[in-house]
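Need a 3D model of the following:
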Amino acid sequence: MKLTYKVGLGILTLLLVFFTSLVFSHLRQVEQDERIQSLEKLVSSLSPLDTSIHEKVKEISRVSRQESSIVHPFNLRFGGIILFLSILFWFFIDRTLRKTMAQALSTLKDISNGDLNKRLDLGSKDEFAVLFHEFNGILTSLGTMIQKVKQVATNTENISLNLATISEESTAELEEIRANIEMVNDKSIHLDEEIISSNRLAQEVKDFLSNVVQLISTQISSITEITIFIDKLSSLIKHTIKISETKLEITDALEKTASEGELRMRESMAIISKVSSSANVIKEMSDVINDIADRTNILAMNAAIEGAHAGQSGKGFTIVAYQIRKLAEDTSKNSREISKSIKTILKDIQLSKDSTSRTDGFFMDMVQGIKEVMHSIRDIKESMQSLSSRSDQVIESLSTFIGVTSDVKLSAREMNKKVEHISDSMENLNFISTETRGGMEEITTSVQQLYKAAEHVSNAGIKNNEGISEIERLIERFKINDKQLPNPASF
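All right, here's what the predicted structure looks like:
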């Protein structure tokens, strides 16, 4: 095809040169005729003496016309042959072009219907072959691109399905977390009620201890033979709360505090049991003193009787016996008052012990609930440093009845202070619990927002999956071999 184009171009060039020379030849002939006519006119105007010149001019004109009559028909015949060859060449070119374009249009029609496996025929080596080769390269690149788009669409569809599955699982987990948080919140409310009850009971114990201290203060002057040494009763309850900015630290602190509170409550129960035992010992000692006073009273009565029998010489002995009997009666009376007060103390200690036991049970329930929440959500840890109490054991030392009474008084005053600390700690614990509930409410709000976000992500995944399905449906219109497409640059 390329050689044909070159031959046709050469023939056209020759034809153009021929017609150009023909035109110039005709122009020269016309110019020559005009010159001959002018020369003849000039010769005709000369005198008869120039007849020979006139003849020569006519001869030249005749020869020139004969030459023109020979050359001009030859040029016309040669031009006709060239024109015929040109028409024949263009007829061949037009037929070849029509055949090539018909094949190309048939292939392009299949390609426009989505069959990207079709390729334009590269049978010749002309400019059309170069054009078809480049177009085939575009089709190969387009097929590769569509295959990649199909692969990406498949991967995106899988990602959308996984995203929808993960969103559904997250929604279920968030619902479980919300239920656990509500359970812990309910237990926190129950704990607040128990704290208020314990605080009220501590206030009652405080008032009672104030009455005991006042009673011991009024009786200490008359109790001179009773010696009890009770070392300092220390019960220190410390409540430390640390609420950090993150809900994780709040949860972890609440769990630790609750666990520590359970331990300290048990220690407090042990200390209260020891105090109860010490009070029982004091009661037994008071009973012993009362018994001694009764015997002393009987002995004083016998001494008074013996002094009366002795007459005037036993009068002093009778007076001493009377004083001893009076002292024994006062001692017995004071001992009964102390025994009565100790019974009341034992009763209140038992009430405090029962309340502490109930509080310990609630702490156990709260620890269990917090552990369940921490098991459900990994990013929430509740922590609570609860009651820390340290109490020195009551050291009993009997020296004198007054010493024991003084120690009881000091112990009662110290217990009053400790009860005040307990009351303050209960108030702090109530405040901490309130803050914790506020944090739980914030966590619940956050979980609800996460729940809505998970639903939104799930819906977005469904819509994305629908869009991917539409893309795949459009891609399926194209016919592409699954094998590796050839590289267009390899042609």
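
Number of residues surrounding Ser277?
Residues lying near Ser277 (other Cβ atoms under 10 Å) number 12. The way it works is simple: take the backbone N, C-alpha and C, and place the C-beta from them, glycine included.

Kindly give the local confidence score, pLDDT, for it.
Ser277 carries a pLDDT score of 70 in this model.

host element of it?
Following DSSP states H and E, one finds Ser277 within helix 247-310.

Kindly report the same for Glu176.
Judged by DSSP H and E, Glu176 forms part of helix 127-219.

do Arg336 as well
Using DSSP H and E, Arg336 sits within helix 315-376.

average model confidence for that helix?
If you average the pLDDT values across helix 315-376, you get 66.

Next: stretch 176-190.
Rounded mean pLDDT across stretch 176-190 is 69.

Start the count at 17 instead of 1 going forward.
Happy to do that; since the first residue is 17 now, the last one works out to stretch 192-206.

Domains of the protein: list them as residue ranges, please.
Following automatic domain parsing, one finds the domains of the chain at 18-128, 183-486.

Worst mean pLDDT among these?
Minimum mean pLDDT among the domains of the chain: domain 18-128, a mean of 54.

any idea how far Asp346 is from Thr312?
According to Cβ to Cβ, to the nearest Å, Asp346 stands 11 Å off from Thr312.

Just want to know which of the two has more residues nearby.
Thr312 (18 against 15).

and the gap between that one and Lys356?
21 Å.

do Lys349 as well
Counting by Cβ to Cβ, the gap from Lys349 to Lys356 is 11 Å.

Please apply the same query to Asp346.
Shown here: Asp346 relative to Lys356, a distance of 16 Å by Cβ to Cβ.

same thing with Lys363?
11 Å.

Also Ser293?
Taken as Cβ to Cβ, the span from Ser293 to Lys356 is 19 Å.

so how far is Thr360 from Ile287?
Remark: distance between Ile287 and Thr360 (Cβ to Cβ) = 19 Å.

quick one: which of these two has more around it?
Just comparing Ile287 and Thr360: by other Cβ under 10 Å the higher neighbour count belongs to Ile287, 21 against 14.
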